[in-house]
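J.: After the sequence you'll find the predicted model.
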Amino acid sequence: MKALVIGMGRSGKAAVDALTEQGAQVSIQDSKSPENFEPEFLEQIKEKNITAYLGCVPEDMSQFDMLVLSPGVPPTVGFIEDAKAAGAEIIGELELAYRLCKGRFVGITGTNGKTTTTTLTGEIYKAAGRDTIIGGNIGNAIAVDALNAGEDTWMITEISSFQLETIQQFRPEVSAILNLTPDHMDRHKTMEEYGRVKARIFENQTEDQYCVLNYDDKASFELAEREGCRAKIVPFSREQELDFGAFTKAGKIVIKNEAGEEIEICGIDELQIPGTHNLENALAAAAICYFGGIDPIVIGDAMKAFKGVAHRIELCCEKNGVRFVNDSKGTNTDAAIKAIEAMKENIILIAGGYDKGSTYEEFINVFPGRVKELILLGKTAPKIKAAAEAAGFMNITMAADMEECVAIAWEKAQPGDVVLLSPACASWDMYDNFEQRGDHFKECALKL
């Protein structure tokens with residue numbers, strides 16, 4: 001098979017490794033020219049006899065049987081559509097991993113909470129003694145581990161809308177859509193299209209599989225009926241008791257199963273992850289794991305031991321009574337709002353980054369009584385500044401980079417304040433990913 005892998009980020013490189021191991025004749029393409037790659041990478045592809053189109057595209061797209069797209073590459077790009085018209089199959093790295101993997105999948109998507117819910121679910125599966133790999137949109141690209149998975153392996157995967165655009169056969173045993181709020185409008189254009197793509201996570205599921213949905217978030221819950229979900233729907237709710245699914249009752253996380261039995265998982269106050277959004281994440285994980293066949297006692301014990309994930313409301317350090325909190329995973333306004341609401345202190349907020357076509361009015365509306373200073377960086381800084389000033393918030397400082405942001409925040413902070421990095425934007429204007437941005441924030445804070 002002749003395969004062209006497009007985009008040489010983490011996902012693309014994993015796809016190249018998987019395809020070459022399977023004996024495919026692999027070519028690669030990336031918009032970056034050769035001088036923008038590490039010499040070691042260029043040497044590796046030369047040794048593997050990989051044809052590279054770096055800074056250019058192949059003239060003859062009909063030569064390829066398959067194109068494997070990295071998540072950041074829209075399938076509507078002209079030369080990709082040329083290949084499709086010529087008969088090439090267009091898939092993504094997730095679909096490739098699914099086809100090569102002997103194990104079973106749990107797929108978790110939604111606008112926010114994916115990383116926390118996926119990590120927590122994976123930790124519960126591990127605690128239950130299952131052979132577990134956590135990956136997808138976090139950790140390793142899933143194709144890295146797919147070839148090494150056995151029939152008893154569970155692939156607990158965080159899945160983005162970009163990855164779902166290019167699935168064909170992907171079918172998880174348990175799927176979950178945590179919520180649906182505006183994000184990636186620069187790519188999906190409308191909320192209806194964004195929802196349609198997210199709903200692809202249950203597209204191939206059958207009646208004997210489960211789909212976990214947020215009952216309180218009507219935009220995501222209604223996708224099941226609108227997009228024709230065939231899997232058994234398991235709702236979760238933090239706002240009301242349910243006849244079936246996961247919910248809160250008398251300060252406890254509770255599951256009600258098909259037989260109508262109520263099973264206590266753990267106390268809400270026993271969770272170590274702060275905020276109502278994390279309660280929703282815990283409810284989703286409890287539902288995924290219970291209907292994935294894991295013992296409720298194991299679920300409860302693992303949930304009580306879980307301390308959260310890096311870059312999501314992560315306490316980095318404290319100096320002279322000022323706490324520095326890294327929420328670099330807050331890459332959209334809804335995620336940043338949840339982080340702000342989870343803080344009890346006066347907040348000096350660092351925000352800004354790559355513009356995904358978002359609006360910032362609702363984000364600014366949660367500032368009163370919480371955010372005392374706003375420090376902005378990145379391409380969206382002027383856009384956020386204009387929205388804040390239009391809402392009457394004037395305590396704004398523009399900064400050139402993260403070092404300056406942290407220095408300004410430290411200068412303005414008083415004991416009892418929290419310096420919160422929750423950008424409400426992607427990182428791609430200044431960093432390769434949100435992890436790199438969060439690590440830089442932590443490095444700057446620790447230098448104090």
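T.: Now that the structure is in, tell me what you want to look at.
J.: pull the helix or strand with minimum mean pLDDT from the protein.
T.: helix 185-188 (a mean of 80; mean pLDDT, DSSP states H and E).
J.: Report the buried residues of that helix.
T.: For helix 185-188, the neighbour count (16 or more other CB atoms under 10 Å) marks 185, 187-188 as buried. (Each C-beta comes from the backbone N, C-alpha and C, glycine too.)
J.: what does stretch 321-329 rub up against?
T.: Residues from elsewhere that reach stretch 321-329 (CB atoms under 8 Å, 6 or more residues apart in numbering): 115, 309-318, 335-336, 339, 343, 345, 406, 410, 413-423, 427, 434-435, 437-438, 441-442, 445.
J.: Quick check: buried residues in it?
T.: Across stretch 321-329, burial judged by 16+ other CB under 10 Å covers 322-329.
J.: Please save the CA atoms from that stretch in CSV.
T.: Extracted in CSV, the C-alpha atoms of stretch 321-329 (Å, rounded to 0.1, in the frame of the first residue of the first chain):
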residue,chain,number,x,y,z
GLY,A,321,0.9,33.6,50.4
VAL,A,322,0.4,33.9,46.6
ARG,A,323,-0.6,30.7,44.9
PHE,A,324,0.3,30.0,41.2
VAL,A,325,-2.2,27.8,39.4
ASN,A,326,-1.5,26.3,35.9
ASP,A,327,-4.7,25.8,33.9
SER,A,328,-3.0,25.8,30.5
LYS,A,329,-5.5,23.2,29.3
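J.: name the helices or strands packed onto the helix or strand following the least confident helix or strand of the chain?
T.: Once the chain leaves helix 185-188, the next helix or strand it forms, by DSSP states H and E, is helix 191-198. The contact analysis (3 or more CB pairs under 8 Å, 6 or more residues apart in numbering; DSSP states H and E) places helix 191-198 against helix 161-164, helix 185-188, helix 218-221, helix 223-226.
J.: Not counting helix 191-198 itself, show me its contacts.
T.: Against helix 191-198 from outside (CB under 8 Å, 6+ apart): 109-110, 161, 164-165, 177, 180, 182-185, 188, 219-220, 223, 226-227.
J.: picking up where we left off before, of the contacts of stretch 321-329, keep whichever come out buried.
T.: Using 16+ other CB under 10 Å, the buried members of the contacts of stretch 321-329 are 115, 309-314, 316, 335-336, 339, 343, 345, 406, 410, 413, 417-423, 427, 434, 437-438, 441-442, 445.
J.: which ones among those are found in strands?
T.: Judged by DSSP state E, the subset of those located in strands is 314, 316, 418-421.
J.: rewinding a little: just checking the distance from the least confident helix or strand of the chain to the centre of its chain.
T.: Distance of helix 185-188 from the chain centroid (CA atoms, centre = their mean, to the nearest Å) equals 16 Å.
J.: domain parsing for the chain?
T.: The chain breaks down into these domains under automatic domain parsing: 2-92, 101-305, 314-447.
J.: Who is residue 323 paired with across the strands?
T.: residue 318, residue 418 (DSSP bridges).
J.: Quick check: it vs residue 153, distance?
T.: 39 Å (CB to CB, to the nearest Å).
J.: Equivalent analysis for residue 16, please.
T.: Taking CB to CB, one finds residue 16 at 22 Å from residue 153.
J.: Those two - which one has more neighbours?
T.: residue 16 (24 against 18; other CB atoms under 10 Å).
J.: can you list contacts of the host helix or strand of that one?
T.: For residue 16, the element it lies in under DSSP H and E is helix 10-21. In this structure, residues lying in contact with helix 10-21 by CB under 8 Å, 6+ apart are 3, 5-6, 26, 28, 30, 45, 48, 50, 68, 70-71, 92-93, 96-97, 100, 140-144, 146-147.
J.: Tell me which of those fall in helices.
T.: Taking DSSP state H, the ones among these that sit in helices are 45, 93, 96-97, 100, 142-144, 146.
J.: can you redo the residues you listed as CSV with distance to residue 370, neighbour count and pLDDT?
T.: Converted to CSV, the ones in helices among the contacts of helix 10-21 look like this (distance: CB to CB, whole Å; neighbours: other CB atoms under 10 Å; pLDDT from 0 to 100):
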residue, distance to residue 370, neighbour count, pLDDT
45, 50, 20, 92
93, 39, 30, 92
96, 44, 27, 96
97, 41, 29, 96
100, 47, 16, 95
142, 37, 31, 89
143, 42, 30, 89
144, 40, 20, 82
146, 43, 26, 91
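J.: Next, count neighbours for residue 208.
T.: 9.
J.: what bridges to the nearest residue to it once chain neighbours are set aside?
T.: Closest residue to residue 208 apart from its sequence neighbours, by CB to CB, 6 or more residues apart in numbering: residue 232 at 7.8 Å. Assessed by DSSP bridges, residue 232 has beta-bridge partners residue 210.
J.: ok, now which ones touch residue 232?
T.: 207-211.
J.: Which members of those residues are classed as buried?
T.: Buried among the contacts of residue 232 by 16+ other CB under 10 Å: 209-211.
J.: Show me which of those residues is closest to residue 128.
T.: Closest to residue 128 out of the buried ones among the contacts of residue 232 is residue 210 (16.4 Å), distances taken as CB to CB.
J.: Could you pull up the residues touching residue 399?
T.: 375-377, 405, 408.
J.: Just the ones of these in strands?
T.: Reading strands off the contacts of residue 399 with DSSP E, I get 375-376.
J.: so which of the contacts of residue 399 is the most crowded?
T.: residue 405 leads the contacts of residue 399 on contacts (other CB under 10 Å) with 26 neighbours.
J.: so how far is residue 377 from it?
T.: The gap separating residue 405 from residue 377 is 6 Å, by CB to CB.
J.: what residues are shared contacts of the two?
T.: 350, 399.
J.: hmm, back to that, can I get the ones in strands among the buried ones among the contacts of stretch 321-329 in TSV including pLDDT and distance to residue 172?
T.: Converted to TSV, these look like this (pLDDT from 0 to 100; distance: CB to CB, whole Å):
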residue	pLDDT	distance to residue 172
314	91	28
316	92	34
418	97	37
419	98	39
420	98	34
421	98	32
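J.: all strands of the stretch 151-300 of the chain, in order?
T.: In the stretch 151-300 of the chain, the strands defined using DSSP state E, counting those that start in this stretch lie at 153-158, 174-177, 210-214, 232-237, 245-249, 252-256, 262-267.
J.: okay, these, which one's buried deepest?
T.: Across those, averaging neighbours per residue (mean count of other CB atoms under 10 Å) puts strand 174-177 on top, at a mean of 29.
J.: how about low-confidence regions in the stretch 251-400 of the chain?
T.: Of all residues in the stretch 251-400 of the chain, none has pLDDT under 70.
J.: what separates residue 181 from residue 335, distance-wise?
T.: When residue 181 is compared with residue 335 (using CB to CB), they lie 9 Å apart.
J.: Skipping its backbone neighbours, what lies nearest residue 403 in space?
T.: Leaving aside its sequence neighbours, residue 403 sits nearest to residue 444 (CB to CB, 6+ apart; 5.4 Å).
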